[in-house]
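Asks: Quick one, structure for this:
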Amino acid sequence: MGENIRDTFLNELGAFYATGVMPHKVSINMRHALNEHRQRLMSRGITYSEQFLPNGDTRASSSAWGNGKFKMTNSSKHCNAVTSMTNGVTGIKCDEAKDDVVHCHVIDINESASSNDEDMMMECPNCGHAAMAKVFVDGCPSCGTRFQMSDFYPCVNTYYSMPWPLPKTNWVEVAVRRAIKIGIIVGIIVGIITAFVMFFGGSNPILTLIVPIAVALLVGWATFLISYLIGQGVATVQTVGGLAKVAVNTLDMAGARDSRRKAEEAIRPYDPDFSFDVFEGKIISSIRTIAFSNNRANCCLYEGADPLVFMNDLVDIRYRGACKFENATLIGDYLHVVMTAFLDNVFYVNGQFGRVRENFTVELVRQKDVRTPVQFSAYSANCPSCGGTFDAVLSKQCPYCGHRYDHTIHDWTVIRLVKS
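Replies: Numbers count the residues shown, from 1 in each chain. Alright, predicted model coming up:
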């Protein structure tokens, strides 16, 4: 099932930026992060394309972690991940390798049945419009009334791609086929040349027939061996070079290797249901949401004093697949966690695109007794004062009663975000 969700998501994601049609099985947080990213691009007049093209490598894998009520599956596949942007005059293309591995983190519910089935029928209490639950994710299509809704499961929570440095699994078979083809062609050519030379040289007719065949077989076999050995040598050089390139490109991420264990050891005493993978997805979606927000002062995901003007020209945030745990501190009733996300960002300044690899260090805070709210989304928050549902990402105050919304009582809130 994870593979089907992964493939469907990647196909629909490629079409989303062109058509605006949201991928079907995505978390509420990712849904809004994608929308805000598309709006940022459109406001700059940028055409954006994200493709995951088949490259002949059919390898795929899945690994799952259970965590109380929820489970996370990392479903990956080989493809050629290509991202391109243009303003009609100039542009930028991100295509480091022809073989990439794309990872999709899929959240599912461990219970046999979910109370928030996306296909169950619902009725809008305001206008009476009836439809399946998934139709109401962005509000009632008839009157626009929004409701507090959880994610539908399973859903994609995070995705990223990384270049693959090793040869394809069938490289030996490919090398043999190529060597046989070259050996046959060279053998035939040499055999024909030998036959012509012997024929016009007046050699014995029988020898003129036998010798070229023998020479063709001998030269063809020798050519096959040489071609195969050369192919093997090229593959070895490519492998070593690819591994060296990956080592250089990921050298700065070496410190993140043990971050899962460190984060779990620091946070699980307060939150036994803590999932590092869910936490990782929340960090990346929060960074993207804050970066592409046009009104950070009213965004409940961010409570920092810095206006973060350095994020105003960001047009793409590419996650490199690692978050480093820095530290966790309990201050009063609040748990503070500092993480560094490794990113590859694209800026758009004065009509020109620029790409830079940089890391963002974020400090997140949450009340210590809050459990991991996998299904919670600030995009459909419920006011604790009047019960109204509103988009807290766009407003820190309830639009109905004016009550100030405290995001830390529900989920992680960013209080500091800096380049590192």
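Asks: Tell me which residues of stretch 266-286 come out buried.
Replies: Neighbour counts over stretch 266-286 (16 or more other CB atoms under 10 Å) mark 266-267, 270-271, 274-286 as buried. (Each C-beta comes from the backbone N, C-alpha and C, glycine too.)
Asks: and what of stretch 305-321?
Replies: Neighbour-count burial for stretch 305-321 flags Leu308, Met311, Asp313, Leu314, Val315, Asp316, Ile317, Arg318, Tyr319, Arg320, Gly321 (criterion: 16+ other CB under 10 Å).
Asks: between the residues you listed, which is closest to Lys368?
Replies: Checking the buried residues of stretch 305-321 against Lys368 by CB to CB gives Leu308 as the nearest, at 26.5 Å.
Asks: Pull the contacting residues for that closest one.
Replies: Leu308 sits next to Ile290, Ala291, Arg296, Tyr302, Leu417 when contact means CB atoms under 8 Å, 6 or more residues apart in numbering.
Asks: Tell me which of those residues fall in strands.
Replies: Residues from the contacts of Leu308 lying in strands, with DSSP state E as the criterion: Leu417.
Asks: Return the member of the contacts of Leu308 nearest to Ala81.
Replies: Comparing the contacts of Leu308 against Ala81 with CB to CB places Ala291 closest, at 20.8 Å.
Asks: Next one: the nearest residue to that closest one once chain neighbours are set aside from Ile331, what distance?
Replies: The shortest distance from Ala291 to any residue other than its chain neighbours is 4.3 Å, reached at Met311 (CB to CB, 6 or more residues apart in numbering). Note on Met311: its distance to Ile331, by CB to CB, to the nearest Å, is 26 Å.
Asks: got it, and Val315?
Replies: For Val315 relative to Ile331 (CB to CB), the value is 36 Å.
Asks: Could you measure from Asn35 over to Arg366?
Replies: Relative to Arg366, and taking CB to CB, Asn35 is found at 25 Å.
Asks: Among those two, which residue is more densely surrounded?
Replies: Of the pair Asn35 and Arg366, Arg366 is the one with more neighbours under other CB atoms under 10 Å, namely 22 against 17.
Asks: Am I right that that one is in a strand?
Replies: Yes. The assignment for Arg366 by DSSP: H, G, I helix; E, B strand; the rest coil puts it in a strand.
Asks: what number of residues lie near Trp221?
Replies: Other residues within reach of Trp221 by the criterion other CB under 10 Å amount to 12.
Asks: for the nearest residue to it once chain neighbours are set aside, helix, strand, or coil?
Replies: For Trp221, ignoring the flanking residues on the chain, the nearest one in space by CB to CB, 6+ apart is Gly183 at 6.6 Å. When classified by three-state DSSP, Gly183 comes out as helix.
Asks: what about Gly183, distance to Val211?
Replies: For Gly183 relative to Val211 (CB to CB), the value is 19 Å.
Asks: can you tell me which residues contact the residue lying closest to Arg40 once chain neighbours are set aside?
Replies: Excluding its sequence neighbours, the residue lying closest to Arg40 (CB to CB, 6+ apart) is Phe292, at 4.4 Å. Contact analysis of Phe292 by CB under 8 Å, 6+ apart lists Ala33, Glu36, His37, Gln39, Arg40, Leu314.
Asks: Got phi/psi on the fourth one?
Replies: Main-chain dihedrals, Gln39, degrees, to the nearest 10: phi -70, psi -40.
Asks: With the fifth one instead?
Replies: Main-chain torsions, Arg40, degrees, to the nearest 10: phi -60, psi -40.
Asks: ok, it - how many residues close by?
Replies: Neighbour count of Arg40, defined by other CB under 10 Å: 22.
Asks: Now that it has come up, it's in contact with Asp316, right?
Replies: No. With contact defined as CB atoms under 8 Å, Arg40 does not reach Asp316; the gap is 9.1 Å.
Asks: rewinding a little: out of Gly183 and Val211, which sits in the busier spot?
Replies: Neighbour totals were compared for Gly183 and Val211, and Gly183 leads with 22 against 17 (other CB under 10 Å).
Asks: Find me the pLDDT at the more buried one, would you?
Replies: On the pLDDT scale, Gly183 is placed at 76.
Asks: Ser385 versus that one, what's the distance?
Replies: Gly183 is 81 Å from Ser385, by CB to CB.
Asks: next one: Met72
Replies: Met72 is 34 Å from Ser385, by CB to CB.
Asks: Likewise for Val370?
Replies: Separation of Val370 from Ser385 (CB to CB) stands at 19 Å.
Asks: the more surrounded of these two?
Replies: Remark: of Val370 and Ser385, Val370 carries more neighbours, 17 against 13, as counted by other CB under 10 Å.
Asks: just the contacts of Phe292: which has the poorest pLDDT?
Replies: Ranking the contacts of Phe292 by pLDDT puts Ala33 at the bottom, with 80.
Asks: what's next to stretch 211-221, contact-wise?
Replies: Stretch 211-221 has contacts (CB under 8 Å, 6+ apart) with Gly183, Ile184, Val186, Gly187, Ile188, Val190, Gly191, Ile192, Thr194, Ala195, Met198, Ser203.
Asks: Now, the residues you listed that are in helices?
Replies: For the contacts of stretch 211-221, membership in helices holds for Gly183, Ile184, Val186, Gly187, Ile188, Val190, Gly191, Ile192, Thr194, Ala195, Met198, with DSSP state H as the criterion.
Asks: Turn these into JSON lines, including distance to Thr389.
Replies: Shown next, in JSON lines, are these (distance: CB to CB, whole Å):
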{"residue": "Gly183", "distance to Thr389": "71"}
{"residue": "Ile184", "distance to Thr389": "72"}
{"residue": "Val186", "distance to Thr389": "74"}
{"residue": "Gly187", "distance to Thr389": "77"}
{"residue": "Ile188", "distance to Thr389": "77"}
{"residue": "Val190", "distance to Thr389": "80"}
{"residue": "Gly191", "distance to Thr389": "82"}
{"residue": "Ile192", "distance to Thr389": "82"}
{"residue": "Thr194", "distance to Thr389": "86"}
{"residue": "Ala195", "distance to Thr389": "87"}
{"residue": "Met198", "distance to Thr389": "92"}
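Asks: Sort out for me which of the buried residues of stretch 305-321 are in helices.
Replies: Among the buried residues of stretch 305-321, no member lies in helices (by DSSP H).
Asks: Which of these sits closest to Lys262?
Replies: Gly321 (17.3 Å).
Asks: still on that earlier bit, check the gap between the residue nearest to Arg40 and Thr413 for me.
Replies: As for Phe292, its distance to Thr413 is 18 Å (criterion: CB to CB).
Asks: Excluding chain neighbours, what is closest to Tyr15?
Replies: Careful, residue 15 is Ala; it's not Tyr. By the measure of CB to CB, 6+ apart, the closest residue to Ala15 outside its immediate chain neighbours is Val21, 6.3 Å from it.
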